[in-house]
Every structure is written in C-alpha cells, then in structure tokens.
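J.: From the sequence below, what's the structure:
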Amino acid sequence: MELLFKIIQDVVLGIVQGVTEFLPVSSSGHLNIAKHLMGVEDGGIFLDVMLHIGTLAAVFIFYRKLIWRLIKAFFSLIKDIFTGKFKWSKMDGDRNLIVMLVIGLIPLFLLFAPIPGTDMKVKDLADMFAEGKYFIVVGLSLLVTSALLFIGNKLNSRPVGKHYIKDAESNYTGNGRTRYTVVDAICVGLTQCFAAIFPGLSRSGSTLSIGEMRGINKQAALDYTFILGIPSIIAAAALEVKDVESSILTTDNIIAVVCGVIAAAVVGYFSIVLFKWLLKTDKMIVFVIYTAVVGLIITAISVYELTSGNIVRLF
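T.: As a prediction, the model looks like this:
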C-alpha cells in the first residue's frame, strides 16, 4: 500500500512536471506548490531532476528532426573551423542556431559563482528557495512570470505590416527575426539563470518573452528556448545524480520515480504540441491570467502561513 501511494504521488508530480515544463507557468514553481500542499518531504531535488529527464525525452522526440540536423551541422561546423573554411557572415540557419545556443549557455556558469560572505554558490539559492519556508518566493516569481508574458504578448500583438516574414529556411511566419544575435543569446542566457534560481519564474515563459522583446519571431524564440533547455537539464541531472544519497535509491523509490518520469515524458510531449498551437493562435493571454491568479493565491497562502504559523495541506 505504501508503494502504491508513493507511485501515485510521483505520477501526479510527473503529470504536473509534464504539463508545466513547457507551458509558460513554471514547472519548478508548480512542483513546489504540489509538494508543499501534498506534504511531500522526500526525494527533494533528485526527484525534480529525474522528472526533468522525463520532459527532456519529450523534447528529443518532438524535435528529433531539428536535433539531428543540428548534430550534423555541428560536426560540419567543427570541420570548417579546423580547415579554415568557417566564415561567421555566411552561416546558414542551423549553424547560427548552434553558435547562439553555445553563447546562450555561457551565462549558466554564473550559477557556480560564490556568494560573497557565505560558503554558498549562486546555484545553492535554488535549493534554499525550494524549502517550504520560502514558499512566498514561488508566488512572487509567478507574478513576475505573468508580467513578462504580458509584455512579450503585447509586443507580438502589433500589426504585422512590413515586419511580416516567411523564412524559406525555417518556414516561420509572423513578426520578427528568425535568427539570434550574440546580444539576443546572452540576454536569454541570463534570463535562464534567473529562472534556474527562482521557483515560479518560468524558464520557457521568461526566455520566450525576452526573445520576443528582442524582436525575435515568437515561434523561433520558442524553439530556441526548448533546445537551449536540453544541455541545461542534462548538466543539472549529472550534477544531482553524482551527489545523490544512497538512502534515496531504495527499490520502492526507484519504481515510483520511474513511473513519474514516464508520466512526465508522455504528458510533456503533448504539452509542447499544445504550447506551439496556443502561441501560433495568439492565445498567450490565458497564461498571463493564470500565472497572475495562481501567483496571487500562493502569495496569499504564504502570508497566511508566515503570520499564523499554520501550514496549508490538501491531505
């Protein structure tokens, strides 16, 4: 019975992860909300990372053709660099995307910077904010997500006019550029750093919005942010698995986590499909309202808990 409860619990968290990883509502924030209200104490960051592996599988499946193109373009790019044939000004769309992905990942090294006056690194703030006593951070971060989505949505709601593009290379349609510049990539990379620290600040939502603010086509910005998440998730998983405590790796925990990972992968795939459709049909206002409402509710619950000393639980 205990194993069954654990499986149900992790499957529920896997579904939450799958739905919220790609929709711009913050998977880390919703996992914190679910675990807080369900009273989940064990698993911690390890469970979060494993559920991210599930949604990573969804990205690989959905973007398999693009990823394969990028892999081939990467090795071709390396060959040209070593043979002196590489020219920055003559990069095609795939090579541009590869270079901008690399540049977009560079700001993540800031997460390993030490915090002056403490023995902590910047990335340790994520673990700290994941604790129940910092639940209010989730609510406030969701409100920031809502604001970013609102601004990005407004910028992409302007009349198309002469800025309408149809890129023959990528078949993107709509407003904005389809290629990132160095400045674009750095801005998105820095935004991803903040999203990694604050649960409730949606990675997909914030990086998408920053891309839109920089004048990037919304569909191109969405594809960039999903692909950018691949190495980030792999690196986070590698670091977490390396330090996982053996006490967590019981047979029951492993079975339950695997079930949660499968749920996250299946639900995550359909979330990508849904998100791309909602973005294409200009229905992003739904997420602006949702993150604002949930952010206000979580902030109110947090203030109640801090002032009363009572912890809100569903069961």
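J.: Wait, residue 126 touches residue 197, no?
T.: Yes - Residue 126 lies in contact with residue 197 (C-beta atoms under 8 Å); the separation is 5.2 Å. For every residue, glycine as well, the C-beta is placed using N, CA and C.
J.: Of the two, which one has the most company?
T.: residue 197 (21 against 18; other C-beta atoms under 10 Å).
J.: I figured that one was touching residue 129, is that so?
T.: Yes - Residue 197 is in contact with residue 129 according to C-beta under 8 Å; the separation is 7.1 Å.
J.: I am assuming residue 61 contacts residue 269, so please confirm or correct that.
T.: Yes - in this structure residue 61 lies within contact range of residue 269 using C-beta under 8 Å: 6.0 Å.
J.: higher neighbour count, the two?
T.: Neighbour comparison, residue 61 and residue 269: the larger count goes to residue 269, with 20 against 13 (by other C-beta under 10 Å).
J.: thought residue 53 was touching residue 237?
T.: Yes - with contact defined as C-beta under 8 Å, residue 53 and residue 237 form a contacting pair (5.6 Å).
J.: can you list residues touching both of these two?
T.: Shared contacts of residue 53 and residue 237 (C-beta atoms under 8 Å, 6 or more residues apart in numbering): none.
J.: Determine the number of other residues adjacent to residue 138.
T.: 28.
J.: Quick check: chain neighbours aside, which residue is closest to it?
T.: residue 200 (4.0 Å; C-beta to C-beta, 6 or more residues apart in numbering).
J.: Let me know the secondary structure of that neighbour.
T.: coil (DSSP: H, G, I helix; E, B strand; the rest coil).
J.: shaky segments in the stretch 201-315 of the chain?
T.: 240-249, 314-315 (pLDDT under 70).
J.: One more pass at 80, please.
T.: 232-233, 235-253, 310-315 (pLDDT under 80).
J.: Ok, the stretch 51-200 of the chain next?
T.: 127, 130-134, 156-175.
J.: What segments of it are helices?
T.: Here the stretch 51-200 of the chain has its helices, by DSSP state H, counting those that start in this stretch, at 64-82, 93-105, 124-129, 135-155, 182-197.
J.: by contact count, what packs against the shortest one?
T.: Spelled out, that is helix 124-129. If you count contacts as 3 or more C-beta pairs under 8 Å, 6 or more residues apart in numbering; DSSP states H and E, helix 124-129 packs onto helix 182-197.
J.: gap between the following helix or strand past the helix it packs on and the chain center?
T.: Sequence-wise, the next helix or strand downstream of helix 182-197 (DSSP states H and E) is helix 203-213. Remark: helix 203-213 is offset 10 Å from the chain centroid, using C-alpha atoms, centre = their mean, to the nearest Å.
J.: So which other helices or strands are in contact with helix 203-213?
T.: Against helix 203-213 (3+ C-beta pairs under 8 Å, 6+ apart) you get helix 135-155, helix 182-197, helix 218-242.
J.: Check for me that residue 294 belongs to a strand.
T.: No - applying three-state DSSP, one finds residue 294 to be helix, outside a strand.
J.: how close does the closest residue to it other than its chain neighbours get to residue 297?
T.: Sequence neighbours aside, residue 142 is the residue nearest to residue 294 in space, at 5.6 Å (criterion: C-beta to C-beta, 6+ apart). Note on residue 142: its distance to residue 297, by C-beta to C-beta, to the nearest Å, is 9 Å.
J.: and these two? which has more neighbours close in?
T.: Neighbour count, other C-beta under 10 Å: between residue 142 and residue 297, residue 142 has more, with 31 against 13.
J.: Give the full set of residues in contact with that one.
T.: 25-26, 29, 200-201, 291-292, 294-295, 298.
J.: Next: residue 115.
T.: 121-122, 124-125.
J.: As JSON lines, the residues you listed with distance to residue 230 and neighbour count would be great.
T.: As requested, the contacts of residue 115 are exported to JSON lines (distance: C-beta to C-beta, whole Å; neighbours: other C-beta atoms under 10 Å):
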{"residue": "121", "distance to residue 230": "23", "neighbour count": "13"}
{"residue": "122", "distance to residue 230": "22", "neighbour count": "16"}
{"residue": "124", "distance to residue 230": "24", "neighbour count": "16"}
{"residue": "125", "distance to residue 230": "23", "neighbour count": "17"}
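J.: what about the nearest residue to residue 234 once chain neighbours are set aside, neighbour count?
T.: Leaving out its chain neighbours, the residue that sits closest to residue 234 by C-beta to C-beta, 6+ apart is residue 56, at 7.1 Å. Neighbours of residue 56 under the rule other C-beta under 10 Å: 22.
J.: where does residue 56 sit relative to residue 31, distance-wise?
T.: Taking C-beta to C-beta, one finds residue 56 at 15 Å from residue 31.
J.: any idea how far the longest helix belonging to the chain is from the chain center?
T.: Looking across the chain with DSSP state H, the single longest helix is helix 251-280. Distance of helix 251-280 from the chain centroid (C-alpha atoms, centre = their mean) equals 13 Å.
J.: Fine, thanks again, bye for now.
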